[in-house]
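Asker: Give me coordinates for this.
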Amino acid sequence: MRSQLQTLLQQNNIEGAKALLSPVQSVDIAEAIEGLPESMQVIAFRLLPKSEAIEVYEYLDSAVQQSLIQEFKRQEVIDIVDKMSPDDRAKLFDELPAKIVSRLLQQLSLKERQATALLLGYEEDTAGRIMTPEYISLKENLTVSQALERIRSLAHVSEVIYYLYVTDPKRRLTGIVSLRDLVVSSPETILTEIMTTEVVSVHTDTDREEVAKLIQRYDLLALPVVDREQRLVGIITVDDIIDILEQEATEDIYALGAVQSDGDNYFQSSLVTVARKRVVWLFILLITNTFTGWIINSQQDLLQQVVALTAFIPLLTGTGGNVGSQTSTVVIRGLNTEEIKDLGPGQVIFREALAGALLGSILGLVATVWAVFLLKGNLSVAMSVGISLVAISTLAATAGSSLPFFFRLLGLDPALMSSPFISTTVDVLGVFIYFSVAKMFLNL
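Answerer: Predicted coordinates for the structure are as follows:
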């Protein structure tokens, strides 16, 4: 659709572009607009009816939102921003310069300004920051018929109506009732008689990853958020959680590849930003790798006596790095999904160390046979290669499984213990082990 829309706009066929966008879902329109040249994005957006434009705007990438907001006349901006849902508006304000945010906040209606200020007052990456105050709450003493009447009057300003939250006179969350329960119950029934009192909720300072895990665990469509006094202040919907899970997965994947992530779209960033995101870890790895060179250089006498040892350094360091990377990947993933929660660090590390020893034994046997073949019967060097491979694989598996736990203990993201870091560390220790074993077998 993007190419069709771009062609129509290039031909100044405005009516054709409107007709093309008319039957399309908002999320697909947003994707099409994002793919257009920047000069056409504003034109395409202006073709949308105001009611649909608001929804499309919420789906747009934050960079495109900022670009559009600079192009609009002030009143057009206010009309769109004022009608956005508070949680999406807070996300937008997070990305905008402080002066623009201040100006926009002043232009919002009192109700929307209060809702947005409420969200912006919570720390980043917490439930309070991603919640929406657009929900329906019902008092405990209402009857079913009174509750249905309240729902009819508030449905147009609420994100969800399939969950109704029951509160006491002090606004404390006491229960939850589904729309289905209301429909099938007698009109004179009091809500306390049909509500569920065991409500899964989170506090405003709960980490957003924990929120995602709760929604996933209990298969919820929305999750209520309460303050320290257990007063209901907002809800978090499953569509917001899907966005969070995608962001967290992207951050972890970047971290595993030793790339810094700050939430921006990598492929829309400038080359300077791309270099900045990657150079820090590469610089650290560069410094670490110098130790490998230092160890090799310190063994010049050994290498001059047995030159054949040099040929197997890449094999040993490469295999050790691969074993360590595999181990760290599965352990980090297990920590994120809590699959290894019941095992405990000790059991996980011991299990992976045994796996590394088994893998090293299999690969070491093959490497020994291959070395004998290449070196035409030099069994001492071949045995040095095989035994070193067993030791390096065991060490790599142990390091790959223990370091993520160590990072978590320090309060850091285990994903920072990335594959490149593990590989580089194993390279240094692997070369040291190899030369030590070779000296022993060759009596040097």
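Asker: Mean confidence (pLDDT) on the one helix or strand Gln347 maps to, please.
Answerer: In the assignment (DSSP states H and E), Gln347 maps to helix 345-374. For helix 345-374, mean pLDDT is 91.
Asker: Quick check: which helices or strands does it pack against?
Answerer: When contacts are defined as 3 or more Cβ pairs under 8 Å, 6 or more residues apart in numbering; DSSP states H and E, helix 345-374 sits against helix 313-337, helix 379-409. In this view, the C-beta of every residue, glycine as well, is placed from N, C-alpha and C.
Asker: burial measure for Lys83, as a count.
Answerer: Lys83 has 17 neighbours, counted by other Cβ atoms under 10 Å.
Asker: Enumerate every residue touching it.
Answerer: Shown in contact with Lys83 (Cβ atoms under 8 Å, 6 or more residues apart in numbering): Ile54.
Asker: Tell me the pLDDT of the residue nearest to the spatial centre of the chain.
Answerer: Centroid-nearest residue in the chain: Glu248, 0.6 Å away (criterion: Cα atoms, centre = their mean). Per-residue pLDDT puts Glu248 at 73.
Asker: How about Val177?
Answerer: Model confidence at Val177, given as pLDDT, is 92.
Asker: ok, it - contacts?
Answerer: Counting by Cβ under 8 Å, 6+ apart, Val177 makes contact with 138, 147, 164, 166, 191, 194-196.
Asker: tell me the two of the residues you listed that are most distant?
Answerer: Ala147 and Thr196 (14.5 Å; Cβ to Cβ).
Asker: Compare these two and say which is more crowded by neighbours.
Answerer: Neighbours were counted for Ala147 and for Thr196 using other Cβ under 10 Å; Ala147 has more, 24 against 11.
Asker: was I right about the residue nearest to the centre of the chain contacting Lys213?
Answerer: No - using Cβ atoms under 8 Å as the test, Glu248 is too far from Lys213 to be in contact (10.6 Å).
Asker: how about low-confidence regions in the stretch 201-350 of the chain?
Answerer: 252, 255-270, 274, 277, 281, 303-305 (pLDDT under 70).
Asker: Can you show me the helices along it?
Answerer: Per DSSP state H, counting those that start in this stretch, the stretch 201-350 of the chain carries helices over the ranges 208-218, 238-256, 271-298, 300-305, 313-337, 345-374.
Asker: Now do the fifth one: distance to the chain's middle.
Answerer: The gap between where helix 313-337 is centred and where its chain is centred comes out at 21 Å by Cα atoms, centre = their mean, to the nearest Å.
Asker: and it, which residues are buried?
Answerer: 313, 315-317, 319-336 (16 or more other Cβ atoms under 10 Å).
Asker: what inclination does it have with respect to helix 379-409?
Answerer: Per axes from the mean of the first three to the mean of the last three Cα atoms, to 10 degrees, the angle that helix 313-337 makes with helix 379-409 is 30 degrees.
Asker: who's in contact with the residue nearest to the centre of the chain?
Answerer: If a contact means Cβ under 8 Å, 6+ apart, then Glu248 has 209, 212 as its contacts.
Asker: do that again at 6 Å, thanks
Answerer: For Glu248, no contacting residues are found, by Cβ atoms under 6 Å, 6 or more residues apart in numbering.
Asker: separation between it and Leu9?
Answerer: Taking Cβ to Cβ, to the nearest Å as the measure, Glu248 falls 36 Å from Leu9.
Asker: try Gly121
Answerer: Where Leu9 is concerned, Gly121 sits at a distance of 41 Å (Cβ to Cβ).
Asker: Neighbour count: those two, which is higher?
Answerer: Ranked by neighbour count (other Cβ under 10 Å), Gly121 and Leu9 place Leu9 first, with 21 against 11.
Asker: average pLDDT across the helix or strand containing that one?
Answerer: With elements taken from DSSP H and E, the one containing Leu9 is helix 2-10. Here helix 2-10 scores 82 as its mean pLDDT.
Asker: Would you mark the buried spots in that helix?
Answerer: For helix 2-10, a neighbour-count test (16+ other Cβ under 10 Å) marks 5-6, 8-9 as buried.
Asker: for the closest residue to Arg129 other than its chain neighbours, what are its contacts?
Answerer: Nearest non-adjacent residue to Arg129, counting by Cβ to Cβ, 6 or more residues apart in numbering: Tyr122, 4.6 Å away. Contact analysis of Tyr122 by Cβ under 6 Å, 6+ apart lists 128-129, 204.
Asker: Determine the set of other helices and strands touching the helix or strand harbouring Leu154.
Answerer: Following DSSP H and E, one finds Leu154 within helix 144-154. Secondary-structure packing of helix 144-154 (3 or more Cβ pairs under 6 Å, 6 or more residues apart in numbering; DSSP states H and E): helix 179-184.
Asker: Break this structure into its domains for me.
Answerer: For the chain, automatic domain parsing gives the domain ranges 2-123, 137-245, 266-442.
Asker: which outside residues touch stretch 207-225?
Answerer: With contact meaning Cβ under 6 Å, 6+ apart, stretch 207-225 is reached by 125, 127, 130-131, 160, 163, 165, 173, 200-202, 204, 232-238, 241, 244-245.
Asker: again, 7 Å this time
Answerer: For stretch 207-225, contacts defined as Cβ atoms under 7 Å, 6 or more residues apart in numbering pick out 125-128, 130-131, 160, 162-163, 165, 173, 199-202, 204, 232-238, 241, 244-245, 248.
Asker: So for it, first residue to last residue, what's the gap.
Answerer: For stretch 207-225, the separation between the terminal residues is 12 Å (Cα to Cα, to the nearest Å).
Asker: Now do the helix or strand harbouring Phe432 and helix 271-298, the angle between them.
Answerer: Following DSSP H and E, one finds Phe432 within helix 419-442. Relative orientation of helix 419-442 with respect to helix 271-298: 10 degrees, computed using the same axes, to 10 degrees.
Asker: Return the alpha-carbon coordinates of helix 419-442 using PDB.
Answerer: Extracted in PDB, the C-alpha atoms of helix 419-442 (Å, rounded to 0.1, in the frame of the first residue of the first chain):
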ATOM      1  CA  SER A 419      28.400 -13.400  23.600                       C
ATOM      2  CA  PRO A 420      31.300 -11.200  22.400                       C
ATOM      3  CA  PHE A 421      32.300 -10.600  26.000                       C
ATOM      4  CA  ILE A 422      32.200 -14.300  26.800                       C
ATOM      5  CA  SER A 423      34.100 -15.200  23.700                       C
ATOM      6  CA  THR A 424      36.800 -12.700  24.400                       C
ATOM      7  CA  THR A 425      37.200 -13.800  28.000                       C
ATOM      8  CA  VAL A 426      37.500 -17.400  27.000                       C
ATOM      9  CA  ASP A 427      40.000 -16.500  24.300                       C
ATOM     10  CA  VAL A 428      42.400 -15.100  26.900                       C
ATOM     11  CA  LEU A 429      42.000 -18.000  29.400                       C
ATOM     12  CA  GLY A 430      41.900 -20.600  26.600                       C
ATOM     13  CA  VAL A 431      45.300 -19.500  25.200                       C
ATOM     14  CA  PHE A 432      46.800 -19.600  28.700                       C
ATOM     15  CA  ILE A 433      45.400 -23.100  29.300                       C
ATOM     16  CA  TYR A 434      46.600 -24.400  25.900                       C
ATOM     17  CA  PHE A 435      50.200 -23.300  26.400                       C
ATOM     18  CA  SER A 436      50.200 -24.600  30.000                       C
ATOM     19  CA  VAL A 437      49.000 -28.100  28.800                       C
ATOM     20  CA  ALA A 438      51.400 -28.100  25.900                       C
ATOM     21  CA  LYS A 439      54.400 -27.400  28.200                       C
ATOM     22  CA  MET A 440      53.400 -30.300  30.400                       C
ATOM     23  CA  PHE A 441      53.000 -32.800  27.500                       C
ATOM     24  CA  LEU A 442      56.100 -31.600  25.600                       C
END
